[in-house]
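Peer 1: Sharing a model prediction with you, sequence too.
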Amino acid sequence: MGEITSAMVKELREKTGAGMMDCKKALQEAGGDLEKAIDWLRKKGLATAQKKAGRSATEGAVGSYIHMGGKVGVLVEVNCETDFTARNEKFQALVKDLAMQIAWSNPQCVRREDVPQELIDREKSVQRSQLLEQGKPEAMIDKILPGKLDRYFKDVGTGCLLEQPFFKDPEGKRSVLDEINAAVAVIGENIQVRRFTRYALGEGLEKETKDFAAEVSAAVGKA
C-alpha cells in the first residue's frame, strides 16, 4: 500500500463530505484506491444512518430554491434531532442541495412507499404492454418487470427523491439517499426528508394562443 497523502484525504472528503479521520481510514482500508474508499464510506454511512433511523427527528428546517428567473420554485422540509443541528452549516447546505435536487429532478414523492398503488399498477400495465409489443413471452415479462419498476422509481421526472441520482455527482453513481447518509455519518443525527412541494410556472394551465396578425388587423380596423 502506498502512502496516504493529505491531498488524497482532501479529495475524498470533497467527494463524500465525510470527516478527515474517516477519509484517512477509508483510504487505508482501500489501499489508496479512491473509488473503493468511497464505497467503504458509503457502507459506513449507511450503517450509521440505519442505527440512527429509529431516533426521533422533530427539529430541522424548511429550505427553498427558486430557479430559472422564478419559473420553478421548491419548498422542502428536512428533519433532524436537535435545533443545534438544524442551525449547523453542513445540515443547512444539505437542505439547500435537496431543494435544488427537487427543482432539477422533479420527483413525484419522497420514497417509493409513498407512491400510490394505482400509479404503480398503471406503470406495470404500460411496461407489460411494451414488453408484449416487443414479443417477450409472458413468463419472461414477470421476471423483467421488477427491474423496470426499479428504474421507474429512480428516473428523473417520475421517480422518488431518495432513489434519484444526486445532481452534484457527474457520474450519476450516488443517489440522494447516499448523500443524506453521508451527512448522517458526519453530523451524527437522524436526518429525514419529510415532504416537499415543487411549483412550475403555468403547470396545469392551458396557455392561450393568439393570432398576432388577426389582432393587428382588428386593431387597424378600429382605428
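Peer 2: Cool, got the structure. The model shown is predicted, which means the values in this text are computed figures rather than measured ones.

Peer 1: give me the number of residues near the closest residue to residue 201 other than its chain neighbours?
Peer 2: Sequence neighbours aside, residue 71 is the residue nearest to residue 201 in space, at 4.5 Å (criterion: C-beta to C-beta, 6 or more residues apart in numbering). All C-beta atoms are positioned from the backbone trio N, CA, C, and that covers glycine. The criterion is other C-beta atoms under 10 Å. On that basis, residue 71 has 13 neighbouring residues.

Peer 1: And the strands in this protein?
Peer 2: Counting by DSSP state E, residue ranges of the strands within the chain are 59-67, 72-80, 192-200.

Peer 1: quick check: angle from the second one to strand 192-200?
Peer 2: It stands for strand 72-80. Computed with axes from the mean of the first three to the mean of the last three C-alpha atoms, to 10 degrees, the direction of strand 72-80 lies at 170 degrees from that of strand 192-200.

Peer 1: Using neighbour counts, pick out the buried residues of strand 72-80.
Peer 2: Under the neighbour-count criterion of 16 or more other C-beta atoms under 10 Å, strand 72-80 has 72, 73, 74, 76, 77, 78, 79, 80 buried.

Peer 1: if I pick the first one, what's in contact with it?
Peer 2: If I follow you right, that is residue 72. Taking C-beta atoms under 8 Å, 6 or more residues apart in numbering as the contact definition, residue 72 lies against 66, 103, 198, 199, 200, 201.

Peer 1: try it again with 6 Å
Peer 2: 103, 200 (C-beta atoms under 6 Å, 6 or more residues apart in numbering).

Peer 1: For residue 157, see how far away it is.
Peer 2: Residue 72 sits 13 Å away from residue 157, going by C-beta to C-beta, to the nearest Å.

Peer 1: on that earlier part again, I'd guessed the residue nearest to residue 201 sits against residue 202; true?
Peer 2: No: proximity of residue 71 to residue 202 does not meet the contact threshold set by C-beta atoms under 6 Å, at 8.3 Å.

Peer 1: And for residue 23, the neighbour number?
Peer 2: With other C-beta under 10 Å as criterion, residue 23 counts 25.

Peer 1: In terms of pLDDT, where does the closest residue to it other than its chain neighbours sit?
Peer 2: When the adjacent residues along the chain are set aside, residue 23 lies closest to residue 12, with 4.3 Å between them (C-beta to C-beta, 6+ apart). Per-residue confidence at residue 12 stands at 80 (pLDDT).

Peer 1: Now do residue 12 against residue 165, distance only.
Peer 2: Here the criterion is C-beta to C-beta. By it, residue 12 lies 20 Å from residue 165.

Peer 1: swap in residue 67?
Peer 2: For residue 67, the distance to residue 165 equals 18 Å [C-beta to C-beta].

Peer 1: try residue 180
Peer 2: Residue 180 sits 14 Å away from residue 165 when distances are taken as C-beta to C-beta.

Peer 1: Likewise for residue 64?
Peer 2: Relative to residue 165, and taking C-beta to C-beta, residue 64 is found at 22 Å.

Peer 1: re earlier: which one, of the strands of the chain, ends up nearest to residue 98?
Peer 2: strand 72-80 (5.3 Å; C-beta to C-beta).

Peer 1: any idea how far the closest one is from the chain center?
Peer 2: With C-alpha atoms, centre = their mean, to the nearest Å as the basis, strand 72-80 stands 12 Å off its chain's centre.

Peer 1: The residue lying closest to residue 44 once chain neighbours are set aside - how many residues pack around it?
Peer 2: Setting aside the residues directly before and after it, residue 44 is nearest to residue 185 in space (C-beta to C-beta, 6+ apart), at 6.2 Å. Residue 185 sits with 22 neighbouring residues when counted by other C-beta under 10 Å.
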